[in-house]
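1. I would like to see how this sequence folds:
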Amino acid sequence: MDLGQLIFAKNMIPQLSSADKAGVLEELINRLVETGEISDRDRILEAIWKREKLMSTGLQNGIATPHAKTDFTDEMKVAIGLKPRGIEFESLDGNPSTIFVLLLSPTAARGPHVQFLAEIAKRLKDEGARTKLLAAQSADEIAGFFI
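-> Sure, this is the predicted structure:
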């Protein structure tokens, strides 16, 4: 999967300001609204929370992949944010999350959604890679890590 078609520096946040899960989700979605990637903020936020209520998307090793399928986007959209100090995100390992990869997909999309999440997991499985990403100081550095 070519992440360069989905990951754009304009949608990266090197230093998330939020201190909790709700704030991080809003901050990432707001970035997609600000950059013109999505328009129906409230319905998309509702879709993300609906997915979170099924099971938290806080994984392990500091990674969280909040995602949802929605009728309010016609193509996959991605926002990535970093919080090196970490926040509680109900992760599988119980540790704070530091890397947040938000993915929105059209409801009908099946394969690409799963492929994207698998590619992100592959790129972040190594502790050295996660450390390098968390040291990023700019949106360009975050995007460059993935593309």
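
2. what about the helices in the chain?
-> Using DSSP state H, the helices assigned to the chain run over residues 21-34, 41-54, 111-123, 127-134, 139-146.

3. residue contacts, the residue nearest to the spatial centre of the chain?
-> The centre of the chain sits closest to residue 101, judged by C-alpha atoms, centre = their mean, with a distance of 1.7 Å. By C-beta atoms under 8 Å, 6 or more residues apart in numbering, the contact set of residue 101 is 63-66, 78, 80, 120. (Each C-beta comes from the backbone N, C-alpha and C, glycine too.)

4. can you give me the pLDDT of residue 142?
-> Predicted confidence (pLDDT) for residue 142: 97.

5. and if you look at residue 107?
-> The model's pLDDT for residue 107 equals 88.

6. and the closest residue to residue 41 other than its chain neighbours, how far from residue 77?
-> Spatially, and ignoring its direct neighbours in sequence, residue 41 is nearest to residue 33 (4.9 Å; C-beta to C-beta, 6 or more residues apart in numbering). From residue 33 over to residue 77 the distance is 10 Å, taken as C-beta to C-beta, to the nearest Å.

7. same thing with residue 138?
-> Taken as C-beta to C-beta, the span from residue 138 to residue 77 is 21 Å.

8. now swap in residue 29 and tell me
-> Taking C-beta to C-beta as the measure, residue 29 falls 10 Å from residue 77.

9. do the same with residue 67
-> 10 Å.

10. and for these two, which residues touch both?
-> Common neighbours of residue 67 and residue 77 are listed as 103-104 (criterion: C-beta under 8 Å, 6+ apart).

11. tell me which of the helices of the chain sits nearest to residue 90.
-> Among the helices of the chain, helix 21-34 comes nearest to residue 90, with 7.1 Å by C-beta to C-beta.

12. list the contacts of the closest one.
-> By C-beta under 8 Å, 6+ apart, the list of residues contacting helix 21-34 reads 11, 13, 16-18, 38-39, 41, 44-45, 48-49, 52, 64, 66, 77, 79-81, 83, 87-90, 100, 102, 104.
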